[in-house]
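Structure of the sequence below:
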Amino acid sequence: MLGPEAALFKAHYDVHRIGNWEGRSILNRSEKPDLADPTIESRLAAAREKLLAARDGRERPGRDHKVLADWNGLAISALCLAGGALGRDDWIEAAGQAFAFVLAQMTDAQGRLHHSWCAGRTHLGLLDDYAAMSRAALTLYQTRSDPYYLACAETWVELLEAHFRDAERGGYFLTPQDAPGLITRIRNAFDHATPSGNGMMVEVFSSLFLLTGKGEYRARAERQIGAFAGEVARNAIPLAAFLSGLDAFANSVQIVIRAGTGERELLDAVQACCIPNRVLRVLGAGEQTPLGHPAHGKESISGKATAYVCIGETCSLPVTDPELLQLALSGRQAPPVGQNLEVSHV
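Residues are numbered from 1 along each chain as shown. Here you go, the predicted structure:
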């Protein structure tokens, strides 16, 4: 097909009689990654055009270009956390766009999620979709302070409760009760290529309780833990998401920032620290934490943005200095009660 240009092309694209992958040749330039002189590159480009024209006459191989709700949920959470830590607002924007796509293209008229989308074709949502997207909504809420995302999470957990709950043993089935053609319904907390939906729901319920103060979410988290705790003693290895959720339930670090001058600097200080089990909330003027929250009733100081770090039922003194806040968070310990962290450097 290439005639006298074949030898040149094969030398640059790793083509051999015995092949370079399981007896076949996959075109690549890993052995000669640098561009050759312009004359050689022009000849190679012409050879590629000939090969492409020949390939276009064959049926193209199938490609996997579907969109999955659970995978997007995991990516949205990661983009928010990484975007905050590295100062990449464009990553946070991408997370918001992905979330908007799932809402627009992968939910039905009743608000139920679809598992996959491909050129307009959809399939019924699974437990993992609701868990990952609820977690994504809560991460976006903590990143953008937009109550819309919190409302989405609350809607999805209610749909999960209505269609997936195992009323007899606790936990949730992988498939909804109205899925067609089911022989049996799988229910476990084992991780696979992605975290377990039942495992992620422990974290979701824990975060919802801390952000809303609604006791029902705490009760659901405890019920979820009880449903699968026995598996830990038998084989803990595939239960990483469940154990991570359990850790979040038992060892959360709540950070409440009252809006004011210097809010961005305090948020940057929080984002710069690795704080497992962090639950972040920014309160605007007139907003308040739920009744019973350890930071309930605490206000900003002298018009400055003010942070409170709460572990369990105890909160720190007000912190207005970003450096002191970062120092307090670096060891995942609340600022000491006897130290006045309200005073800024002068």
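
List the contacts of the residue positioned nearest the centre of the chain.
With distances taken as C-alpha atoms, centre = their mean, the chain has residue 77 as the residue nearest its mean C-alpha position (2.2 Å). Neighbour list for residue 77: 95, 132, 135-136, 139 [criterion: C-beta atoms under 8 Å, 6 or more residues apart in numbering]. C-beta: built from backbone N, CA, C; applies to glycine.

could I get those residues as a markdown table with neighbour count and pLDDT?
Rendered in a markdown table, the data for the contacts of residue 77 read as follows (neighbours: other C-beta atoms under 10 Å; pLDDT from 0 to 100):
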| residue | neighbour count | pLDDT |
| --- | --- | --- |
| 95 | 25 | 98 |
| 132 | 27 | 98 |
| 135 | 25 | 98 |
| 136 | 30 | 98 |
| 139 | 25 | 98 |
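
Sort out which of the residues you listed are in strands and list them.
Secondary structure from DSSP state E places none of the contacts of residue 77 in strands.

all strands for the stretch 201-346 of the chain, in order.
In the stretch 201-346 of the chain, the strands defined using DSSP state E, counting those that start in this stretch lie at 253-258, 278-283, 306-311, 314-315.

other SSEs contacting the third one?
Using 3 or more C-beta pairs under 8 Å, 6 or more residues apart in numbering; DSSP states H and E as the contact definition, the elements that strand 306-311 packs against are strand 253-258, helix 263-271, helix 322-330.

Go through those and name the closest to residue 239.
strand 253-258 (22.6 Å; C-beta to C-beta).

So in that sheet, which strands flank that closest one, and in what orientation?
Take DSSP bridges as the rule and strand 253-258 pairs in its sheet with strand 278-283 (parallel), strand 306-311 (antiparallel).

which of those strands sits most buried?
Neighbour counts averaged per stretch over the strands paired with strand 253-258 are highest for strand 306-311, at a mean of 24; criterion: mean count of other C-beta atoms under 10 Å.

Quick one: mean pLDDT over that strand.
If you average the pLDDT over strand 306-311, you get 95.

Which of the strands of the stretch 201-346 of the chain sits closest to residue 185?
So among those, strand 278-283 is nearest, using C-beta to C-beta, at 32.2 Å.

residues touching residue 262, list them.
Contacts here follow C-beta under 8 Å, 6+ apart; on that basis residue 262 touches 304-305, 320, 322.

quick revisit: rebuild the helices and strands packed on strand 306-311 as a markdown table, extending it with mean pLDDT, distance to residue 53 and mean neighbour count.
Shown next, in a markdown table, are the helices and strands packed on strand 306-311 (pLDDT from 0 to 100; distance: least, C-beta to C-beta, whole Å; neighbours: other C-beta atoms under 10 Å):
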| stretch | mean pLDDT | distance to residue 53 | mean neighbour count |
| --- | --- | --- | --- |
| strand 253-258 | 96 | 60 | 24 |
| helix 263-271 | 94 | 51 | 19 |
| helix 322-330 | 89 | 59 | 19 |
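
buried sites along the helix ranked longest in the chain?
With DSSP state H setting the assignment, residue counts place helix 215-234 as the longest helix in the chain. Buried residues in helix 215-234, counted by 16 or more other C-beta atoms under 10 Å: 217-218, 220-222, 224-225, 227-228, 231.

ok so, going back, can you add distance to residue 27 and give the helices and strands packed on strand 306-311 back as a markdown table?
Formatted as a markdown table, the entries for the helices and strands packed on strand 306-311 read as follows, by distance: least, C-beta to C-beta, whole Å:
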| stretch | distance to residue 27 |
| --- | --- |
| strand 253-258 | 51 |
| helix 263-271 | 43 |
| helix 322-330 | 50 |
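
Out of these, which gets nearest to residue 117?
Each of the helices and strands packed on strand 306-311 was scored for nearness to residue 117 using C-beta to C-beta, and the closest is helix 263-271 (31.5 Å).

could you give the angle of the closest one to strand 253-258?
Taking axes from the mean of the first three to the mean of the last three C-alpha atoms, to 10 degrees, one finds that helix 263-271 is oriented at 170 degrees with respect to strand 253-258.

With only the CA atoms kept, save helix 263-271 in CSV.
Extracted as CSV, the C-alpha positions of helix 263-271 are listed here (Å, rounded to 0.1, in the frame of the first residue of the first chain):
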residue,chain,number,x,y,z
GLU,A,263,-13.1,35.0,54.2
ARG,A,264,-11.1,33.9,51.2
GLU,A,265,-7.9,33.7,53.2
LEU,A,266,-9.5,31.5,55.8
LEU,A,267,-10.9,29.2,53.2
ASP,A,268,-7.5,29.0,51.5
ALA,A,269,-6.0,28.1,54.9
VAL,A,270,-8.6,25.3,55.3
GLN,A,271,-8.0,24.0,51.8
